[in-house]
Structure formats: structure tokens, C-alpha cells
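Asker: quick check, what structure comes out for this input:
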Amino acid sequence: MISLALLLFLIMDPFGNLIVVNTILAGIPSQRRKWVILREAGIATGILLAAVFVGGPLLNVLGLEEHALRLAGGIVLFLIALGMLFPSRRVIDEESTDSPLIVPIAMPLIAGPSAISMVILFSEKQPLLEVSSAVLIASAASAILLVASPFIFSFLGHRGAVALERLMGMILIMLSVQMILDGMDAYFLSRA
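Answerer: Numbering: from 1, shown residues only. Coordinates of the predicted model:
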């Protein structure tokens, strides 16, 4: 369960999200900012828990096999990780003064496609209680980190945050390649 929670935490990429969340919530007062982050983390947790319980049956209804999800999740994770290693300019709606609701913090920043696909994959192989617990642990850790983002960002500075994001990107590239290889392996074994 701890290894699954750690993997999910890495895929959620709260270190990479520090800069984005700081930018999105820049005009929001400190106390309200904490509640916005906690609300968004709660919504993201709900999305991931829904994926735990509904994701597998939904794949079955759609006729999708596990290796297809593993390959697709690996490709999406690879693209996200590439974006972390080689970031382009992120476009954020600067005219909006309201706090975000669901998009972009809850989804896709916290509960992105890679996190959702990983949760579905693990819910097919692991006990649902274990996967649900891992989701709760990873979401709580991510929320704590995002709530503390002003302190972390001031401690690390912009360059430190960017360096940490790139390190996480490298780790996620390795994880995504492993997911793709596992998906290909499962595909070829199912066809043999």
C-alpha cells in the first residue's frame, strides 16, 4: 500500500504543481487559498476514488483490456513527464479573479489522466481497500504539500522548484517507459 501511495504521489506531481498552483492562486488571500486547495484536493480524491470503484467495470463495458489502459496511461504519463523536463510556457487565464473550481487544480493537475489510469490498473490487481487507502494517503500528502506551497516555494526559490520538477519528470519518464513495456508485454502474452 505504501509503495502504491508513493507511486501515485509521484504521478500526481505536487512538486511540479507548486509553480502552477502559486500562479493560479496568486490573487487569492492566504486563508482562502488554503480552503481552495483543500476543496480541490477533496474533489480530486473523489474523482480518484470513483475511478477505483467504477473504472474497472467501465473498461469491461467498453470492451477495453488492461494492456490498452496500461499503454495509454504510459503514453500520457510520458508526455506529461516530457513537459516537466522541457516545460513550455504555461497559459493561465489571467482575467479570472475567481478561485478555480475543479479545473485546473482538481483535474487535471491533481487527478490527471495518468493518476486515474494508474488507480484503475491497481484496482484490477489489488484489494480495493488497499487502493482506496493509497489514494487517500497520496491525496492527503499532495494537499499538504500544496497548502504549504508558499513556504516551500520561498524556501526552494524558483530555480529550486524548477530543478525539483525536472527531477520528478525524469523519474516519471522511467515509470512511464516501464508502464509501456508492461503493456506491450501483456499484449503480446495475451496474443500468444
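
Asker: which positions in the helix or strand bottoming out on mean pLDDT in the chain come out as buried?
Answerer: Within the chain, no helix or strand scores below helix 14-24, which has a mean of 81 by mean pLDDT, DSSP states H and E. Buried residues in helix 14-24, counted by 16 or more other Cβ atoms under 10 Å: 14-22, 24. (Each C-beta comes from the backbone N, C-alpha and C, glycine too.)

Asker: biggest separation within these, which pair?
Answerer: Pairwise distances across the buried residues of helix 14-24 (Cβ to Cβ) peak at 15.9 Å, for the pair Phe15 and Ile24.

Asker: any stretches of this protein with poor pLDDT?
Answerer: Per-residue confidence for the chain (pLDDT under 70) gives these ranges: 89-99.

Asker: doesn't Pro87 lie inside a helix?
Answerer: No: Pro87 is assigned coil when assessed by DSSP: H, G, I helix; E, B strand; the rest coil, not a helix.

Asker: that one: what's it in contact with?
Answerer: Residues counted as contacts of Pro87 (Cβ atoms under 8 Å, 6 or more residues apart in numbering) are 162, 165.

Asker: so what does it have for phi and psi?
Answerer: phi -70, psi 140 (degrees, to the nearest 10).

Asker: distance of it from Gly16?
Answerer: Distance of Pro87 to Gly16, computed by Cβ to Cβ, to the nearest Å: 9 Å.

Asker: please apply the same query to Leu64.
Answerer: For Leu64, the distance to Gly16 - Cβ to Cβ - is 28 Å.

Asker: then Ser176?
Answerer: Distance from Ser176 to Gly16, by Cβ to Cβ: 14 Å.
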